[in-house]
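[1] Here's a sequence, model it:
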Amino acid sequence: MTDEGTTSLASDAILAVQRLHQELKRSHPPLSVSSEKLISELISIKSQLERVSVDSVPLALKEHDLAELKRVVQQVTPETLTVDHRNLIQNVIENHLKTSSVSEIHLIALHTCPFHALIEPDHGRRARHSVLFVVFQWHSSVALDMSDEHSKESRDSIELDWLHVIELSQFCSMLVRAKLRWLETVFFTPKNVISHSPQWPSFLAILPIHSLLRGKSFIEQCRGQLIGRIAKKHPKLGHLKLLDSVKMADLINSLKMIFILRHVLHEHTPTLQTVKVDDSEFTVDELDIIQLLRTNQEHNQNFYRIFEKILFLKQSIDDVINEETFAYASDVDRSVIEKWMHEERTKQAAVIERTELAPEDPDSIRAEELLDRVGPEVRGIPAKNVIMIARGGSYSYNLLTESSDADYVVVYCDDPVKAIGHVGFKKEVIQSQKGPECSVEFTAYEARLFAELLAKGSVLILELLFRDDVEYESDLWRQLKAQRCHLVNEHAIMQFFGLVRNNVHLLETKQAADEKRKRKIFYHIFHKMWSLEYLLDGKVPPVRCVGEVRDKIMRIREGVFDEHFNLDSIKQEASARLKELWSQYLHRPRRLVENVPRAVLNEWLFQVRGVAFPAVESTT
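    Sure, this is the predicted structure:
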């Protein structure tokens, strides 16, 4: 059987179970829980057959496949790594990560905290604290897809006690945010490093390490870690109290934070890989703590003495911090990393030169005029980066009244270097003030966020692509609009049904107590039900109302009622029409495709970024 035939069977199965579910909700409610779950599973199967998943594929590295690697990592330290150990570790990591979606493994390194080596005399006990660090790079077609930063954080990293794996973008974000765990990798020596990419040394060379170490983020994080694991404030007296759960490792970490902060505050780069007890960089108080920790291997008798010394040293550090002003990572620091990232990402791509708009170009003039009309917050967007501007709200539905506000939607794109090389979270939406006093309201979306909202089936976003009368459209918008047939899908249908049902629910709450509010809700209900008539037939719905449909909705909106046409009769009509549409939904001969193909939106986003990639399979 062909994939088309299998997909057809899946469609039939979903429709059958949906009808069963509808009956079970009425006759056997407890059983409807199982049928609802079955529907979700069948839709997932059909989506996979159609290859239209909207979810980003996570990193394919499972702990249960790494038992042997874990055993080796927790038995060695950088000082005891043999050639065989190095080869085994490198082979395991490369075998698990080197897929068509991973283009480079930049770093594989073993780290054992040197402060544990100072305290723990036994090699085996020290090795239990060994951690393997891996920094890899997705193929750019994966790294630059429409996934949001929260999804990428969970997709692009693995955090285990003994293994830290992270993608290059997240790694750079951690550096800019001055996360100590990843900043330490910058100080790894050759004995730590098992392998690295050819470009890794050049990357380390451009990092503004001094600026990051002296930054407010790094200092505050170390300050918090100094005390956060070992103490809490007394609920009544307010002073710091040693936690009952404190362990040796926690006290060692506090010593490490003291050591790092003291060096950084005196503008010295701390030695994070090799420290010795006789090192002149230790103070007398720090050496006392080391001695107390060494004589406290089995019992907790010295914990309170150690804690008192830590508090004393913390106070001296706080005094220095409070006397100085520290800044967060500067735009200059960030731009150095972003430029390198942009170069790395575009190595795998064919760069597409976008046609620049000349200032005298009619499209440029039109875009500038509209941005001025929209508001000062968006005037800084260059005309060449404007993808679309549309007047929305009741204007777009041809249901404007004298009291209607002017609502605008802008879709724009960041400059390629900023978009491709960006590190960390970035602002992707610009909004005006909202409220009755605002005559013009707007929302501006960056292209990635706009693509994400399309995939999620946001009704207002979908309607922008269903229109042919926007105020300004670029070639990029026309390219996306040419693909709008993909937006007519099952997920979109459910979003429209959901919006109608939410509005029906509003009518039954206090949020719709006055008649004017009810009339506005009804006009949205009837407009979306009109759209559903087209969607259920697999057609792009019109957004602009005309003829009898417009006349009817305008009567509702303006409150032109009589004894046969009033809020009660409208409510009955809306309820009956919604039931008809739902019945039509359940008894169709065939379901549409489940969602917009992720590849369609990603390809458009790549066009926006000015890059093109050869086909790359996703990690499975």
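
[2] Going by C-alpha atoms from here, please, whenever you check contacts or count neighbours.
    Noted.

[3] Show me where the stretch 1-150 of the chain has its helices.
    Using DSSP state H, counting those that start in this stretch, the helices of the stretch 1-150 of the chain run over 3-27, 29-50, 67-73, 83-97, 114-119, 123-127, 140-143, 149-155.

[4] Quickly note the distance from Ser34 to Asp468.
    Going from Ser34 to Asp468 by Cα to Cα, to the nearest Å gives 43 Å.

[5] next one: Gln572
    Counting by Cα to Cα, the gap from Gln572 to Asp468 is 33 Å.

[6] Leu399 is nearest to which of the helices of the stretch 1-150 of the chain?
    With Cα to Cα, the closest approach to Leu399 among the helices of the stretch 1-150 of the chain belongs to helix 3-27: 35.4 Å.

[7] Please identify the buried residues of the closest one?
    By neighbour count on 16 or more other Cα atoms under 10 Å, the buried set for helix 3-27 is Thr7, Ala10, Ser11, Asp12, Ile14, Leu15, Val17, Gln18, His21, Gln22, Leu24.

[8] for Glu573, helix, strand, or coil?
    Here Glu573 is helix, with the state taken from DSSP: H, G, I helix; E, B strand; the rest coil.

[9] likewise the one 5 residues further on?
    Put simply, Leu578 is helix when judged by three-state DSSP.

[10] Write down the beta-bridge partners of Tyr412, one by one.
    Judged by DSSP bridges, the bridge partners of Tyr412 are Val386, Glu446.

[11] can you tell me which residues contact it?
    Counting by Cα atoms under 8 Å, 6 or more residues apart in numbering, Tyr412 touches Ile381, Asn385, Val386, Ile387, Met388, Ala444, Tyr445, Glu446, Ala447.

[12] Adding distance to Gln495 and pLDDT, write the buried residues of helix 3-27 out as TSV.
    Listed next are the buried residues of helix 3-27 as TSV, based on distance: Cα to Cα, whole Å; pLDDT from 0 to 100:
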residue	distance to Gln495	pLDDT
Thr7	22	93
Ala10	21	95
Ser11	19	96
Asp12	21	95
Ile14	18	97
Leu15	18	96
Val17	20	96
Gln18	17	96
His21	19	96
Gln22	19	95
Leu24	23	96
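
[13] For these, give me CSV that also has distance to Leu242.
    CSV is the format used below for these (distance: Cα to Cα, whole Å):
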residue, distance to Leu242
Thr7, 62
Ala10, 60
Ser11, 62
Asp12, 64
Ile14, 59
Leu15, 62
Val17, 59
Gln18, 58
His21, 57
Gln22, 59
Leu24, 58
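
[14] so Gly559 touches Lys520, yeah?
    No: in this structure, Gly559 is not within contact of Lys520 by Cα atoms under 8 Å, at 9.8 Å.

[15] for the protein, what's the longest strand?
    When the chain is parsed with DSSP state E, its longest strand is strand 102-111.

[16] Could you tell me the angle between that strand and helix 83-97?
    Per axes from the mean of the first three to the mean of the last three Cα atoms, to 10 degrees, the angle that strand 102-111 makes with helix 83-97 is 140 degrees.
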